[in-house]
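[1] Here is a sequence together with a model predicted from it:
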Amino acid sequence: MDVSLFSADARKDRGDRRLRRRELRRILAMLRPYLGTLVLGLVATVAFATLHTVSIGAALPVFKVLLEEEGLHGWIDRTVAGNRLNVEFAPPGGSAPDWVRVLRVTGRSALFPDGNRTYVAIADAAGRPPAALLHDLAHAAPTGNEPPFFAIKAAFTDDVRPEDVESAQISLPTLDAQARLLRWAGSLVPAATDSRKLETLEFLLIGLVITVIAANVFRYLGEVLIARSVLRAMMGLRAKLYARTLCLPMSFFASQTTADLVTRFVQDVQEIQRGMLTLLGKFIREPMRALFIMYLAFTLDWRITLTMVVAAPIAVAVFLLVGRSVKKANRKLLQAYGMMIGALTASLQNLRVVKAYTAEPQEQERLGKVDWRMFKQQLKLAKLQAFVSPMMETLAIIGGSVVTIWLASRVLDHELPVSKFAALGVTLSMLFDPLRKLSDVYVRVQRSTAGAERIFQVIDHPVEGDETDRTVELKPLQKGIEYVGVSFTYFGAVEPAVRNVSLSIRRGETVAIVGPNGSGKTTLVSLLPRFFDPDSGVILYDGVDVRDARLSSLRGQIGLVSQDAVIFAGTPVENIAYGVPAPDEKSAVHAAVRASADEFIRAIPGGYGAALGERGTTLSGGQRQRMAIARAIFRDAPILIFDEATSQIDSESEQKIQTALREFSRGRTTLIIAHRLSTIQFADRIVVMDAGSVIDTGTHRELFESCKLYRKLCETQFVPEPAAAV
């Protein structure tokens, strides 16, 4: 993995927080195709938050029925009447049983038409009890277009008798929506007389149970629909990442490890998935719950609720501080995951060598060191995440204690009913639950953006052919291939792998390329299908620069057998006809016969329809090599590239393959890299390379006499006869 690139991103992120928001927007954009399902999930989430708040609000009527003589309906009448007159009434009774005390004025009130807010108590002009007065004030309806008028007695003090006070006529304004809703809700509940309190309580609790069940049904639907949208979006993200990865130039993979890329597919996408589920689940649900519960708390007592909001800036500061540290630590953790996968993959793939050299302790120690680095990052993340919830609970306890003392003092001073005290306590305690859960959202989203950065590094990387609009469609080779002053240096290398190579290859010519290890043979042939682009010089295909041709058109002209025979999970037919959606089995069998692979394929249980397993581990090295050669023969391309293609073939198979190769290469342009003299000798021309340069060309006889390096290779490196069967 390119650690320097990783560190550069970390430095950039510290100075540019806009990057995080941009990536978050890009992640959310992945959800657009599933917007319908997502909206349904969000609607269900809002329904849950609403019903959940209703279930919390049910605590107040329950407490009213259980704890206060006034009862639920008396409280509703007093609240609606006070709302209508913009005042707050005290519960009837106490030291002045004939009066309804006015605790405070909350706005422009019909009780004080002249603006003189000095009345402290009112009574019914007809002498009815205060409860009846409040009921009539709450339920009085207009007559036609005229507002309802009401006769009351208002006093400056409640220590006088109502009959000693003159009556006055007041005009009652229209009820607002909140008051009408409260009055309607009260009409649904049976009146809680002394004999029917239990019946009223049962009614309220049954309604509460139904509300809770409905709320949780909506919660389930919301979570499932949101999860469906997010999981589908992650499938799309993985598909996009996979498609992009397959189209990246080979130069990209020179600076990345396979393990790191696998980590991006698995761990990074998983982090984004968790972040999106948290964001769209908790970040929508919990703020809605908090908002609705806060509205309920404000309705009960806005002054007390307002004091609770003071703790919000402290919580936000904690979120921001912890979130930055979490993102940085999670980025390092993802890097450690890549290193762990790489080390583990290397050990398992080379297990035979590990066992042969009894290197199990060394491998275990190496994996232990990598695991220790990952453990430190995991522990750092755990510490950060463990810090947030206790901090939030501590703030909640401090705030709750302060509010409890305040509420208790108001109850003891007879300014707050016991039922309202209990309801406020329940409501405010429930308010901290969504706030506590929100503490996890910021952390999760920060972790997801760390994974998103690494994924978008791949997705945003230019793919092969992005530089120019290539429109040239190549046809089968007519004249030849020409390297003109070609040089190429691998990423991070000091010396060029290919230096100023000029070479012409005629159509139908078989050219063998030889040289010491590291002389640039494989690199030279890899430039033809544009696995890499030269740093300087051009490669011409019938006079056309290969960089101006469509990649699919160029590579469609080439059949390749690499040094490492690659076998994919699938059947022999699927492997031989690789790249063909609906292969012809007869053609695949014919290619296998020509590559001397038919005999061992038929010996496999299931034959051409057998599952070979990942990387063809059930086949020997020679069998995998012959399968790869059959793949090139099946492709029937006008240009063939054999890179060490017969290095693991037994003597009998090689003779058959040499015959097939000579026959198949007729009329085709063939480039061969081989260490076997028998493979090289039948070439029309041999190119000798050293240190990235072409030092000589000619036939075997000519080079053996004139080229010292070639003669040395023949005497020391080329194998005159095949080794024993593999």
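    Structure received.
[2] neighbouring contacts of the helix or strand harbouring Leu72?
    When elements are assigned from DSSP states H and E, Leu72 belongs to helix 71-85. Helix 71-85 is contacted by residues 61, 64-65, 68, 70, 88-89, 91-92, 100, 106, 109-111, 131, 134-135, 137-139, 172-173, 175-176, 178-179, 182-183, 185-186, 189, 191-192, 197, 200, 204, 419 when judged by C-beta atoms under 8 Å, 6 or more residues apart in numbering. Where you see a C-beta, it was placed from the backbone N, CA and C, and this is true even at glycine.
[3] do that again at 7 Å, thanks
    61, 64-65, 88-89, 91, 109-111, 131, 134-135, 137-138, 172-173, 175-176, 178-179, 182-183, 186, 189, 191-192, 200 (C-beta atoms under 7 Å, 6 or more residues apart in numbering).
[4] Is it possible to mark the buried ones in these?
    Burial by neighbour count, judged by 16 or more other C-beta atoms under 10 Å, picks out 61, 64-65, 89, 91, 109-111, 131, 134-135, 137-138, 172-173, 175, 179, 182-183, 186, 189, 192, 200 from the contacts of helix 71-85.
[5] among these, which are in strands?
    Taking DSSP state E, the ones among these that sit in strands are Phe89.
[6] residue furthest from the geometric center of this structure?
    Computed with C-alpha atoms, centre = their mean, the residue of the chain farthest from its C-alpha average is Asp164, at 75.6 Å.
[7] Would you mind measuring from it to Ile152?
    Between Asp164 and Ile152 the computed distance is 15 Å (C-beta to C-beta, to the nearest Å).
[8] swap in Ile481?
    In terms of C-beta to C-beta, Ile481 sits 106 Å off from Ile152.
[9] ok, now Val46?
    Val46 is 43 Å from Ile152, by C-beta to C-beta.
[10] Same question for Ala610.
    Distance, Ala610 to Ile152, by C-beta to C-beta: 97 Å.
[11] Which one of those two is surrounded by more residues?
    Ile152 (23 against 16; other C-beta atoms under 10 Å).
[12] Does that one belong to a helix, a strand or coil?
    strand (DSSP: H, G, I helix; E, B strand; the rest coil).
[13] again, but for Gly508
    coil.
[14] quick one: contacts for it?
    Taking C-beta under 7 Å, 6+ apart, one finds Gly667, Arg668, Thr669 in contact with Gly508.
[15] Assign a three-state SS to the first one, would you?
    Looking back up the chat, that one is Gly667. coil.
[16] Tell me the predicted confidence for it.
    Note on Gly667: pLDDT of 77.
[17] Check the gap between it and Ala185 for me.
    With C-beta to C-beta as the criterion, Gly667 and Ala185 are 91 Å apart.
[18] between those two, which one's more packed in?
    More neighbours surround Ala185 than the other of Gly667 and Ala185, with 15 against 9 (other C-beta under 10 Å).
[19] Not counting its neighbours along the chain, what's nearest the more buried one?
    Excluding its sequence neighbours, the residue lying closest to Ala185 (C-beta to C-beta, 6 or more residues apart in numbering) is Ile76, at 7.8 Å.
[20] Ok, Met234 next?
    Gln273 (4.8 Å).
[21] Phi first, then psi, for the one you found.
    Gln273 has phi and psi values of phi -60, psi -50 when expressed as degrees, to the nearest 10.
[22] Let me know whether it touches Ala233 as I believe.
    No: between Gln273 and Ala233 there is no contact under C-beta atoms under 7 Å: 8.6 Å.
[23] tell me the SS of the most centrally placed residue in the chain?
    The residue lying closest to the centre of the chain (C-alpha atoms, centre = their mean) is Ile272, at 1.9 Å. Secondary structure assignment for Ile272 (three-state DSSP): helix.
[24] What number of residues are in the vicinity of the closest residue to it other than its chain neighbours?
    Leaving aside its sequence neighbours, Ile272 sits nearest to Ser448 (C-beta to C-beta, 6+ apart; 4.6 Å). When neighbours are defined as other C-beta under 10 Å, Ser448 has 27 of them.
[25] All set, thanks.
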